[in-house]
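Engineer: When you get a sec, could you give me coordinates for this:
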Amino acid sequence: MNTLRTAVIGLGAAGSVHARTLASLPGIDLVALADLDPARHADHPGVPTFTDVEAMLRLGLDYCVIATPSTTHEYYALPLAAAGVPALIEKPLAPTGAAAWRIHEAFTQAGVFAAVGHTERHQAPIAELARLLNTGNFGNMWQLTTCRQGPYSGRILDVGVVLDLLVHDVDLVSWLAGQPIESVTAATRVLAGPYEDTATATTLLRGGLLAHHHADWISPFKHRVLQAHTEAGVLIADTVAGTLTHHPNTAVPAAAGAFPGVACGDAYAISLATRAAPFTVEHQLMRDALLGAPVSGLVTLAEGAATVTATEALLTAAATGRTTPVAARQPALA
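Structural biologist: The predicted structure follows:
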């Protein structure tokens, strides 16, 4: 196996996990780390560290992770695209749709591979839920519901709970349904500031599917649940407990053409295959893709930009109190 020379820009919580993951994977050589705070370099002994990204790029990298605050993603991504260095950019791709699409455009025009770090897709319960829905055995999807709660960590300073947490679920519902979000109704509240601490929203996807969302930083527990309501029942993925449960719909007689209703069946747990940690899966996919293997599962820049655009519409809906349409695509060079 050829070895890829990799680096990480940004050594906060996510960047440190990326660095440890890259250092442990076969086929990858972690050759550099960059952070403006020299104190963070001490946590990764033995790896060359930089405060100057331009100097780091002279090492001849095969790909680079951007794990800095989202407001700086464009600043670091555009030089990578210009230098021909593939990138894995942490979620959200950017804080605005326009910035996200500019990143997309830069890598597309340069012909350089890049992906977005929406690791929730690689959680074992979510991955199995997606596989089961794709079999068609559960019939039509009726509704999606997400809930993502926990205490404020203190580490997110540039965005609120919507762009930090709820953005995961904006990505997940569109991916699971295979349809873009077309409009959003939402409300947020600022308790401690400077950004929203709690948010609730309903997203309307193409074809009429509704997805309902709640996210907050005000709960003294960690809760991560996604419910997929289908003709065959409700599939509940709990990524904190690491479980996937099916609550079947039993047969209910109905007149021809009428909604049949639902009745409770016996719930059962769905066994999950052993799966590597989400960051590990993500970097295995990046490694294999860059080495020429046919892989799927990475989140494209177009998907990441569409998620930011929908999330931006959610914040606009909350600020105006009006249902807000989601643009199919923001101008790339606005």
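
Engineer: If we go by neighbour counts, what in the strand of greatest length in the chain is buried?
Structural biologist: Across the chain, the longest stretch assigned as strand under DSSP state E is strand 218-230. Neighbour counts using 16 or more other Cβ atoms under 10 Å place H223, R224, V225, L226, Q227, A228, H229, T230 of strand 218-230 among the buried residues. All C-beta spots, glycine's among them, are computed from the backbone N, C-alpha and C.

Engineer: gap between it and the chain center?
Structural biologist: Counting by Cα atoms, centre = their mean, to the nearest Å, strand 218-230 is centred 16 Å from the centre of its parent chain.

Engineer: So, low pLDDT: which residues of the stretch 51-200 of the chain?
Structural biologist: 156-157 (pLDDT under 70).

Engineer: where do the helices sit along it?
Structural biologist: 53-57, 73-83, 97-110, 124-135, 161, 167-177 (DSSP state H, counting those that start in this stretch).

Engineer: can you check the stretch 201-334 of the chain too?
Structural biologist: 278-290, 301-320.

Engineer: I'd say I66 and P86 touch.
Structural biologist: No: using Cβ atoms under 8 Å as the test, I66 is too far from P86 to be in contact (11.3 Å).

Engineer: Return every residue with contacts to both of those two.
Structural biologist: Residues touching both I66 and P86 (Cβ atoms under 8 Å, 6 or more residues apart in numbering): L80.

Engineer: So between the two, which is more surrounded?
Structural biologist: More neighbours surround I66 than the other of I66 and P86, with 29 against 20 (other Cβ atoms under 10 Å).

Engineer: Might you report the residue contacts of the more buried one?
Structural biologist: For I66, the contact set (Cβ under 8 Å, 6+ apart) comprises I9, G10, H73, Y76, A77, L80, A87, L88, I89, E90.

Engineer: Show me the beta-bridge partners of it.
Structural biologist: Note on I66: beta-bridge partners I9, I89, judged by DSSP bridges.

Engineer: For it, give its distance to I9.
Structural biologist: 5 Å (Cβ to Cβ, to the nearest Å).

Engineer: what touches both of those two?
Structural biologist: Joint contacts of I66 and I9 (Cβ under 8 Å, 6+ apart) are Y76.

Engineer: picking that back up, select, out of the helices of the stretch 51-200 of the chain, the one closest to P151.
Structural biologist: Closest to P151 of those, according to Cβ to Cβ: helix 161, at 11.3 Å.

Engineer: Which of the helices of the stretch 201-334 of the chain sits closest to E120?
Structural biologist: Taking the helices of the stretch 201-334 of the chain one by one with Cβ to Cβ, helix 278-290 is closest: 7.2 Å.

Engineer: where's the closest one relative to the chain centroid, distance-wise?
Structural biologist: 15 Å.

Engineer: residues in contact with that helix?
Structural biologist: Here helix 278-290 makes contact (Cβ under 8 Å, 6+ apart) with 4, 17-18, 21-22, 24-25, 27-28, 62-63, 86, 88, 113, 115, 117, 119-123, 275-276, 295, 297-298.

Engineer: Restricting to C-alpha, output that helix in PDB.
Structural biologist: Extracted in PDB, the C-alpha atoms of helix 278-290 (Å, rounded to 0.1, in the frame of the first residue of the first chain):
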ATOM      1  CA  PRO A 278     -16.700   7.500  12.700                       C
ATOM      2  CA  PHE A 279     -13.400   9.500  12.300                       C
ATOM      3  CA  THR A 280     -11.600   6.300  11.400                       C
ATOM      4  CA  VAL A 281     -14.200   5.400   8.800                       C
ATOM      5  CA  GLU A 282     -13.900   8.800   7.300                       C
ATOM      6  CA  HIS A 283     -10.100   8.700   6.900                       C
ATOM      7  CA  GLN A 284     -10.200   5.200   5.600                       C
ATOM      8  CA  LEU A 285     -12.500   6.400   2.900                       C
ATOM      9  CA  MET A 286     -10.300   9.400   2.100                       C
ATOM     10  CA  ARG A 287      -7.200   7.200   2.000                       C
ATOM     11  CA  ASP A 288      -8.800   4.600  -0.300                       C
ATOM     12  CA  ALA A 289     -10.400   7.200  -2.600                       C
ATOM     13  CA  LEU A 290      -7.000   9.100  -3.000                       C
END
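
Engineer: Is D216 bridged to anything, and to what?
Structural biologist: In this entry, D216 is beta-bridged to Q149, T198, by DSSP bridges.

Engineer: middle-most residue in this protein, spatially?
Structural biologist: Central residue of the chain (Cα atoms, centre = their mean): H118, 2.5 Å from the mean position.

Engineer: so that one makes contact with D171?
Structural biologist: Yes: between H118 and D171 a contact is recorded at 4.9 Å, counting by Cβ under 8 Å.

Engineer: which residues are common contacts for the two?
Structural biologist: Looking at what touches both H118 and D171 (by Cβ under 8 Å, 6+ apart), the common residues are K91, V299, E303, G304, T307.

Engineer: still on that earlier bit, among the contacts of I66, find me the one that's closest to M56.
Structural biologist: Distances from M56 to the contacts of I66, taken by Cβ to Cβ, are shortest for I9, at 7.8 Å.

Engineer: and the closest one, how many neighbours does it have?
Structural biologist: 27.
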